[in-house]
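**Q** Quick one: sequence plus predicted model below, questions after.
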Amino acid sequence: MADQIQSKEPQALLRSLIALILIAGCLWASQWQYQRGIDRQQRNSAIEAALLQPVISLDNIDENATAFEWRTVETTGEFDGENQILLKNRYFEGVYGYEVLTRFQLLDGRNLWVDRGWVKAGKDARTAPVITPIPKGEVAIKARLRLDRSLPQGAFFALPATGAGMISKLNAQSGLDSEGFYLDLIGGADPLLEPKVAAQIPELSDGPHLAYALQWIFFAGLTAYGRILIRRGQILTSKEL
């Protein structure tokens with residue numbers, strides 16, 4: 001009987017091995033999605049907690065700014081209108097535009113980039129967007145602290161052209177130095193400091209990761225069940241013979 005069953009399902013061991021590999025892959029994908037969900041929940045909780053913290057002075061933050069990401073800060077300095085970049089591929093309410101980043105020098109001599117918000121793109125590629133002018137001289141600003149790695153992905157179109165990349169890459173290509181963090185401008189005493197469309201806080205939702213994790217477990221079970229059905233069908237056929 002065993003010989004008949006084996007003859008009715010050629011390469012049974014190979015098929016079972018493939019099924020086990022598929023099941024293992026599904027379980028790994030499920031664990032990966034679950035961990036992504038946990039990481040996202042932790043990130044959201046950290047952002048929400050930071051946004052609720054009181055305003056602090058940027059003078060109290062050194063180069064190790066990781067612990068202060070998303071905190072609201074106040075500082076004084078001067079904008080450098082000669083060093084301004086536009087981050088492409090940014091949308092607001094479905095409209096294409098740019099994120100405007102302007103170099104800013106603090107009173108202690110440190111330099112960083114300030115995201116002054118979103119502006120609508122020109123009517124065509126040859127038309128420059130209308131950018132709010134920057135105030136002259138020293139100004140006091142209020143902003144959210146962001147890390148270089150948290151800058152939204154996109155491409156840089158620099159004014160003047162200085163290459164493409166994240167803030168750190170831009171500094172390397174242009175020879176400019178800046179802190180390892182930047183600021184999302186919220187406002188200030190001067191009306192010109194009020195962004196028409198301020199930099200957006202990321203969506204603080206848990207996302208579909210848990211649902212995807214359960215989906216991969218379902219696929220693993222479906223694979224195992226399918227393999228059992230195929231094997232059972234072969235056994236029943238052999239018995240009939």
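**A** Cool, the structure landed.

**Q** which strand is the longest one in the chain?
**A** Using DSSP state E to define each element, the chain has its longest strand at strand 72-92.

**Q** by contact count, what packs against the very next helix or strand once past it?
**A** Where DSSP states H and E defines the elements, the next helix or strand beyond strand 72-92 is strand 95-106. Judged by 3 or more Cβ pairs under 8 Å, 6 or more residues apart in numbering; DSSP states H and E, strand 95-106 is in contact with strand 72-92, strand 111-120. Yep, even glycine has a C-beta here, placed from its N, CA and C like the rest.

**Q** Partner strands of strand 95-106 and their direction?
**A** Strands that pair with strand 95-106, judged by DSSP bridges, come out as strand 72-92 (antiparallel), strand 111-120 (antiparallel).

**Q** Looking at these, which is nearest to residue 182?
**A** Taking Cβ to Cβ as the criterion, strand 111-120 is the member of those that comes nearest to residue 182, at 4.2 Å.

**Q** Can you list the buried residues in that closest one?
**A** When neighbours are counted by 16 or more other Cβ atoms under 10 Å, the buried residues of strand 111-120 are found to be 111-119.

**Q** one step back: so for the longest strand of the chain, mean pLDDT?
**A** Per-residue pLDDT values across strand 72-92 average out to 87.

**Q** Tell me the buried residues in it?
**A** In strand 72-92, residues buried by neighbour count (16+ other Cβ under 10 Å) are 72-73, 75, 77-80, 83-87, 90.

**Q** ok, now stretch 219-236?
**A** For stretch 219-236, the buried set under the neighbour-count rule, 16+ other Cβ under 10 Å, comprises 219-220, 223, 227, 231, 234.

**Q** can you list the strands paired with strand 95-106 in a markdown table and add distance to residue 49?
**A** As requested, these are arranged in a markdown table below (distance: least, Cβ to Cβ, whole Å):
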| stretch | distance to residue 49 |
| --- | --- |
| strand 72-92 | 13 |
| strand 111-120 | 22 |
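
**Q** so which of the ones you listed gets nearest residue 31?
**A** For residue 31, the closest of these is strand 72-92, at 32.5 Å, according to Cβ to Cβ.
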